[in-house]
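Asks: okay, structure incoming, though there's no sequence with it:
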């Protein structure tokens with residue numbers, strides 16, 4: 001049995017979407033597995049489509065309404081303590097033949113290594129300094145890499161992230177690159193509809209540091225000046241008040257109050273169509289540690305719409321996409337160049353359409369959830385035979 005373990009099931013998050021893609025791939029490959037969520041999400045979400053993804057088990061107790069009379073401290077102690085206790089009991093009952101694949105639950109890695117006698121694999125999509133998950137001091141980070149030495153294997157998402165583990169003394173033979181993956185079934189058979197007002201779209205965590213939304217707004221101010229009939233849709237939740245205030249300030253400064261639409265969170269069921277109906281999809285990530293070592297899940301979704309994609313050249317993106325062939329690549333932080341790429345798309349619809357179609361083929365070839373899940377299974381099966 002393979003156990004896919006998440007810290008929590010966070011509906012529509014990149015980590016959970018990746019976990020679901022792996023689970024769906026394992027199910028289609030006939031691999032017996034279960035999905036485990038240790039802690040509750042902010043909304044106490046649970047996956048309802050078990051027929052598609054396989055069985056789910058939750059280590060936490062109760063529902064959101066159960067805690068309404070608790071203060072934050074009581075709530076934290078109650079679910080954190082009980083969830084960890086239940087998870088440790090779960091680990092103690094596993095067979096040495098059972099396999100753990102730790103997905104976004106690095107905080108609980110010490111418990112797994114100390115308790116489970118079988119093979120443990122870790123999957124990482126971000127640098128430890130970006131997503132420390134409890135390893136936020138040099139001593140704790142050294143402890144984390146010490147634990148990694150005891151794992152059967154580590155799946156990373158980029159070449160640079162792999163190199164960062166090698167530099168910490170992890171054996172290269174135990175490091176395996178698993179590309180970003182996307183469920184292409186969500187975009188199959190979508191028909192482009194004509195909105196009342198054409199728009200450019202961005203979706204994700206509306207963060208300036210992570211996704212350069214402030215650079216996107218600056219770029220759009222140039223586009224809006226030259227194209228009076230286009231809007232910008234910014235789709236997703238804003239994580240920090242500072243980001244929200246900065247972006248609202250820029251929108252007001254450029255006089256874009258009627259041109260920029262902040263949609264907030266959009267249901268996952270309607271997201272594919274909203275992306276499909278856009279004229280162009282944009283991601284203006286700055287060149288920071290997160291972008292250098294990670295890979296944006298939303299890029300796969302962008303490409304599968306067959307719309308032209310404007311994206312900044314960060315991390316491993318240039319290993320898969322070529323400027324003016326299957327995407328339009330811009331320099332990180334250069335909002336004028338981003339605007340130039342967007343305007344080219346709007347002014348050259350026929351050529352841009354071909355680029356979008358080429359981009360979809362790249363996504364199907366390199367970011368296919370079933371192909372990438374097979375890579376994971378092949379590594380596990382090979383290691384099991386060698387055991």
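Replies: Structure's in. What do you need? No experiment lies behind these values; they were computed from the predicted model shown.
Asks: domains in this protein, by residue range?
Replies: Following automatic domain parsing, one finds the domains of the chain at 2-181+368-386, 185-366.
Asks: for these, which one ends up most surrounded?
Replies: domain 185-366 (a mean of 19; mean count of other C-beta atoms under 10 Å). Bear in mind the C-beta positions are built from the backbone N, C-alpha and C, glycine included.
Asks: show the pLDDT at residue 77.
Replies: Looking at residue 77, its pLDDT stands at 66.
Asks: coming back round to it: among the domains of the chain, which gets the worst mean confidence?
Replies: What stands lowest among the domains of the chain, in mean pLDDT terms, is domain 2-181+368-386, with a mean of 86.
Asks: tell me how far it lies from the chain's centre.
Replies: Distance of domain 2-181+368-386 from its chain centroid, counting by C-alpha atoms, centre = their mean, to the nearest Å, is 14 Å.
Asks: again, but for stretch 199-208
Replies: Its chain's average C-alpha position is 14 Å from that of stretch 199-208, according to C-alpha atoms, centre = their mean.
Asks: what's the end-to-end length of that stretch?
Replies: The first and last residues of stretch 199-208 sit 21 Å apart, counting by C-alpha to C-alpha, to the nearest Å.
Asks: please report phi then psi for the nearest residue to residue 108 once chain neighbours are set aside.
Replies: Of all residues not flanking residue 108 in the chain, residue 38 sits nearest, at 6.2 Å (C-beta to C-beta, 6 or more residues apart in numbering). Dihedral pair for residue 38: phi -80, psi -50, per degrees, to the nearest 10.
Asks: residue 38 is in contact with residue 85, isn't it?
Replies: No. With contact defined as C-beta atoms under 8 Å, residue 38 does not count as touching residue 85 (10.8 Å).
Asks: residue contacts, the residue nearest the centre of the chain?
Replies: Residue closest to the average C-alpha location in the chain (C-alpha atoms, centre = their mean): residue 14, at 2.8 Å. By C-beta atoms under 8 Å, 6 or more residues apart in numbering, the residues touching residue 14 are 125, 297-298.
Asks: tell me which of those residues is nearest to residue 204?
Replies: Taking C-beta to C-beta as the measure, residue 204 lies nearest residue 298 of these, at 5.0 Å.
Asks: before we move on, the earlier item: from residue 18, how far off is the residue nearest to residue 108?
Replies: Per C-beta to C-beta, to the nearest Å, residue 38 is found 17 Å from residue 18.
Asks: now swap in residue 31 and tell me
Replies: 17 Å.
Asks: any idea how far stretch 196-213 is from the middle of the chain?
Replies: 15 Å.
Asks: I meant to write stretch 355-373 there.
Replies: For stretch 355-373 - counting by C-alpha atoms, centre = their mean - the centre lies 16 Å from the chain centre.
Asks: quick check: residue 181 touching residue 368?
Replies: Yes. With contact defined as C-beta under 8 Å, residue 181 counts as touching residue 368 (6.9 Å).
Asks: show me what contacts residue 229?
Replies: Contacts of residue 229 (C-beta under 8 Å, 6+ apart): 197-198.
Asks: which element is residue 155 on?
Replies: strand 153-156 (DSSP states H and E).
Asks: for residue 376, same thing?
Replies: Assessed by DSSP H and E, residue 376 sits inside helix 369-386.
Asks: distance check, residue 98 against residue 87.
Replies: 14 Å.
Asks: picking up where we left off before, got a list of what the residue nearest to residue 108 touches?
Replies: 5-8, 59-60, 83-84, 87, 105, 108.
Asks: same deal with residue 366?
Replies: Residue 366 is in contact with 179, 320, counting by C-beta under 8 Å, 6+ apart.
Asks: can you list contacts of the helix or strand harbouring residue 163?
Replies: Residue 163 belongs to helix 159-166 when assigned by DSSP H and E. Helix 159-166 has contacts (C-beta under 8 Å, 6+ apart) with 124-128, 145, 148, 154, 156, 172, 175, 177, 292-294, 315-316, 319.
Asks: from the residues you listed, which ones fall inside helices?
Replies: 145, 148, 292-293, 319 (DSSP state H).
Asks: could I get those in JSON lines, plus columns for distance to residue 254?
Replies: What follows is the ones in helices among the contacts of helix 159-166, written out as JSON lines (distance: C-beta to C-beta, whole Å):
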{"residue": "145", "distance to residue 254": "45"}
{"residue": "148", "distance to residue 254": "46"}
{"residue": "292", "distance to residue 254": "29"}
{"residue": "293", "distance to residue 254": "32"}
{"residue": "319", "distance to residue 254": "35"}
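Asks: relative to residue 120, which of those is nearest.
Replies: residue 148 (10.1 Å).
Asks: how close does the nearest residue in space to the closest one that is not next to it in sequence get to residue 29?
Replies: By the measure of C-beta to C-beta, 6+ apart, the closest residue to residue 148 outside its immediate chain neighbours is residue 170, 5.6 Å from it. Distance, residue 170 to residue 29, by C-beta to C-beta: 27 Å.
Asks: pretty sure residue 190 contacts residue 274?
Replies: No. In this structure residue 190 lies outside contact range of residue 274 using C-beta under 8 Å: 10.5 Å.
Asks: where do the strands of the stretch 101-250 of the chain begin and end?
Replies: Applying DSSP state E, counting those that start in this stretch to the stretch 101-250 of the chain gives strands spanning 120-124, 153-156, 175-177, 199-203, 231-235.
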